[in-house]
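Asks: Mind looking at a prediction? Sequence and model below.
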Amino acid sequence: MFPHRHQTRLLPFIVAATIIASAILCAQAYTWPNPLLDELESQIYDREGYHVRGLPIGLTPCNRFFFGANKGRTNAADWLRTAYHDMATHNIRDGSGGLDASIRFFEEQQRPEASDGFRNTLTVITQFSNRYYSLSDNIALAAVTSIEMCGGPKIPFRGGRLDAAAPNKPGVPEPQGSLKAHIDSFARQGFTQEEMIGLVACGHTLGGVQHSTFPEIAPPSTAPDNTDGNARFDSQFDQFDNKVVTEYLSGKTQNVLVVGKNQTTNSDLRIFSSDRNRTMQSLASPKAFRTTCSKLIAKMIDTVPKGVKLAETVDFLRVKPYALELTYMDDGSLQLTGEVRFWDMPINPRRKISILWRDRGGKSARQYISTLTFNRTHVSKPLVPDLPGIQNLWYTIEPIKLDAKKSISEFWFEIDEGRGKPRVENQNGKGFFISDDVVVANSTCLSPDAFDFPVTVAVSSFPSNSKPPSTESNDFHTDPV
Ligand code: HEM
């Protein structure tokens, strides 16, 4: 077949070069591992410090703008507006449109309601993206991250959106629309009049109207730090607070969609006052505003085309293995490396954390144990709204050499805080499952050419270890691609 230096008693195989360069992981509900949910969990909860994700960097601080520090604009506002406009094509009657990344199409970006904010958003977030989730998930994630990191409430987040193949029909509201046009438009999107008032208030707490885009609405600015002439909706344009509501109710608002000189484009005034301010009054307390916005923004980002099934809400994992790699080594052994994030853990020099495992036959043994190490700089913060002060620690799984015949099928942790009685972390008895059906061979890394390199993988000749075999009969087989 394919003779090769690694091939001893081995069967050959061929593999696509796109193979994932680590153990192939599989799961169902949100029990680790789950490639989509694990990745989204990191996007949502690794926001500061060690292993920080890209989106939070764009929001630190919240008035940060990647396309010109003096323009007076923010990434946060661009990202939130983009999510709304992508969703606002939804038609509840036929299930078309919704949050599906159709906003990436040139045609949608040329529509009258559009601004360069959509292009800005997509330029940034696609760089922070990866293969585990869609662009539409990323658009939703960017909006949620903006809100949660800039003072807003926690928004339940679900992944699994699919990207549209073509632009959606026009119909996103414009400021010159009549009240009836807006009510009809939001009804088509699936929102009641009360929800429309709430959602516009939740959206218009960030950012403002740019003179550069809507010169007939926003006046020019001479301020050196606001060259786009961003007429802010409220006095704290980079904070997700309810000032947009309280300033409106007290008659002190600066929102140019309320007090603009041209009545025709005062859409926020028409919308906010459309039920005699009843809904706006109900949002006057910060708590009510947060609760309402959390619900409405979740509904907004979960408005997806018919047929798209969203996964469950991503909750944080208390113990999360990270970048786990099971590697087939030259000497025929397997090597396990990786890290583990422990949620809400103070530093304790007396703490000892051990990883323990079962082999692929499902057996545990006294020697199946290794101690994790901790580096004091490996600390992160999830910055979860309403849960301040949480700190996560990342421990390292130092390389563990495994007999390839015995391998590994499941692991768990014992945490001894120095008080003598270790506690067990095993996903509530489920254990942390690891598949060794296909693993990368360490010879892969020897390639000199980073763009076109052969990936060598080892395929286990055991039956899949998701069903541990009763006999240990064979070995691993490698061959270059
Ligand atoms: C009738 C409905 C709405 C109308 C007519 C409307 C209109 C506008 C206009 C004209 C701008 C200025 C855009 C620019 O200068 O680039 C704007 C900005 C914005 N809108 Fe809306 N909007 C509506 C609803 C919403 C909703 C529901 C949300 C989100 C939940 C939202 C979020 C935003 C944000 C965050 C900005 C600030 C953008 C920035 O500063 O870069 N809008 N809106």
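Replies: Perfect, thanks for sending it. Numbers count the residues shown, from 1 in each chain.

Asks: and residue 435, how many neighbours?
Replies: Burial measure for residue 435: 20 neighbouring residues, criterion other Cβ atoms under 10 Å. C-betas here are computed from N, CA, C, even on glycine.

Asks: Could you shift the numbering so residue one becomes 14, and keep it that way?
Replies: Sure thing, new numbering starts at 14, so read that last one as residue 448.

Asks: For the stretch 64-213 of the chain, what lies in contact range of the ligand?
Replies: Among all residues of the stretch 64-213 of the chain, those adjacent to the ligand (criterion: Cβ under 6 Å from any ligand atom) are 86, 90-91, 93-94, 97, 128, 130, 186-188, 195, 212-213.

Asks: Pick out the lowest-pLDDT one from those residues.
Replies: Checked by pLDDT, those have residue 128 as the lowest-scoring entry (87).

Asks: Isn't that residue up against residue 222?
Replies: No. Residue 128 sits out of contact with residue 222 when judged by Cβ atoms under 8 Å, with a separation of 9.3 Å.

Asks: More neighbours: these two, which one.
Replies: Counted by other Cβ under 10 Å, residue 128 and residue 222 do not tie: residue 222 has more neighbours, with 25 against 18.

Asks: so that one sits in a strand?
Replies: Yes. Secondary structure assignment (DSSP: H, G, I helix; E, B strand; the rest coil) places residue 222 inside a strand.

Asks: Residues in a beta bridge with it, which ones?
Replies: Taking DSSP bridges, one obtains residue 244 as the residues bridged to residue 222.

Asks: my read: it touches residue 243, true?
Replies: Yes. Taking Cβ under 8 Å as the contact criterion, residue 222 and residue 243 are neighbours in contact, 7.4 Å apart.

Asks: Quickly list what's touching both of the two.
Replies: With contacts defined as Cβ atoms under 8 Å, 6 or more residues apart in numbering, the residues shared by residue 222 and residue 243 are residue 231.

Asks: got the contact list for the closest residue to the ligand within the stretch 314-463 of the chain?
Replies: Proximity of the stretch 314-463 of the chain to the ligand (Cβ to the nearest ligand atom) peaks at residue 314, 9.7 Å away. If a contact means Cβ under 8 Å, 6+ apart, then residue 314 has 96, 100, 112, 153, 156-157, 168, 170 as its contacts.

Asks: Now these in CSV, please, with extra columns for neighbour count.
Replies: Supplementary listing: the contacts of residue 314 in CSV, determined by neighbours: other Cβ atoms under 10 Å:
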residue, neighbour count
96, 27
100, 28
112, 28
153, 32
156, 29
157, 24
168, 22
170, 25
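
Asks: ok, which pair from those is furthest apart?
Replies: Maximum pairwise distance among those (Cβ to Cβ): 14.5 Å, between 100 and 170.

Asks: Could I get the full set of helices for the stretch 214-363 of the chain?
Replies: Assignment of helices within the stretch 214-363 of the chain using DSSP state H, counting those that start in this stretch yields the ranges 256-262, 280-285, 291-295, 299-314.

Asks: Format these as JSON lines; extra columns: distance to residue 116.
Replies: Listed next are the helices of the stretch 214-363 of the chain as JSON lines, based on distance: least, Cβ to Cβ, whole Å:
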{"stretch": "helix 256-262", "distance to residue 116": "24"}
{"stretch": "helix 280-285", "distance to residue 116": "20"}
{"stretch": "helix 291-295", "distance to residue 116": "28"}
{"stretch": "helix 299-314", "distance to residue 116": "13"}
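
Asks: Could you export those to TSV, including columns for mean pLDDT?
Replies: As requested, these are arranged in TSV below (pLDDT from 0 to 100):
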stretch	mean pLDDT
helix 256-262	98
helix 280-285	98
helix 291-295	98
helix 299-314	98
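
Asks: pLDDT on stretch 174-184, on average?
Replies: Confidence for stretch 174-184, expressed as mean pLDDT, is 95.

Asks: swap in stretch 385-397?
Replies: pLDDT averaged over stretch 385-397 equals 97, rounded to a whole number.

Asks: Name the residues that touch that stretch?
Replies: For stretch 385-397, contacts defined as Cβ under 8 Å, 6+ apart pick out 57-65, 69, 161-162, 167, 329, 352-354, 356, 360, 364, 366-368, 403-411, 426.

Asks: Go again with 6 Å.
Replies: By Cβ atoms under 6 Å, 6 or more residues apart in numbering, the surrounding residues in contact with stretch 385-397 are 58-63, 366, 403-411.

Asks: Which ones among those residues lie within helices?
Replies: For the contacts of stretch 385-397, the ones inside helices are residue 58, with DSSP state H as the criterion.

Asks: what about burial for the contacts of stretch 385-397, which qualify?
Replies: 58-63, 366, 404-408, 410 (16 or more other Cβ atoms under 10 Å).

Asks: and residue 170, what does it touch?
Replies: Under the criterion of Cβ under 6 Å, 6+ apart, the neighbours of residue 170 are 57, 157, 327.

Asks: Model confidence for the first one, exactly?
Replies: The predicted local confidence for residue 57 comes out at a pLDDT of 96.

Asks: residues touching residue 45, list them.
Replies: When the contact criterion is Cβ under 6 Å, 6+ apart, the partners of residue 45 are 330, 445.

Asks: How is this protein divided into domains?
Replies: Domain assignment for the chain, taken from automatic domain parsing, gives 48-314, 332-493.

Asks: got CSV for these, with distance to residue 323 too?
Replies: As requested, those are arranged in CSV below (distance: least, Cβ to Cβ, whole Å):
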stretch, distance to residue 323
domain 48-314, 4
domain 332-493, 21
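
Asks: which of the ones you listed is buried the deepest?
Replies: Per-stretch averages of neighbours, counted by mean count of other Cβ atoms under 10 Å, single out domain 48-314 among the domains of the chain, with a mean of 20.

Asks: start to end distance for that one?
Replies: With Cα to Cα, to the nearest Å as the measure, the first residue of domain 48-314 is 21 Å from its last.

Asks: Okay, strands next: where are they in the stretch 314-463 of the chain?
Replies: Taking DSSP state E, counting those that start in this stretch as the criterion, the stretch 314-463 of the chain contains strands spanning 332-341, 347-355, 365-371, 377-384, 386-394, 405-415, 423-429, 436-438, 445-446, 451-454.

Asks: Select from the ones you listed the stretch with the lowest mean pLDDT.
Replies: Of all those, mean pLDDT reaches its minimum on strand 451-454 (a mean of 86).

Asks: quick one: residue 130 is in a helix?
Replies: Yes. Assignment of residue 130 by three-state DSSP places it within a helix.
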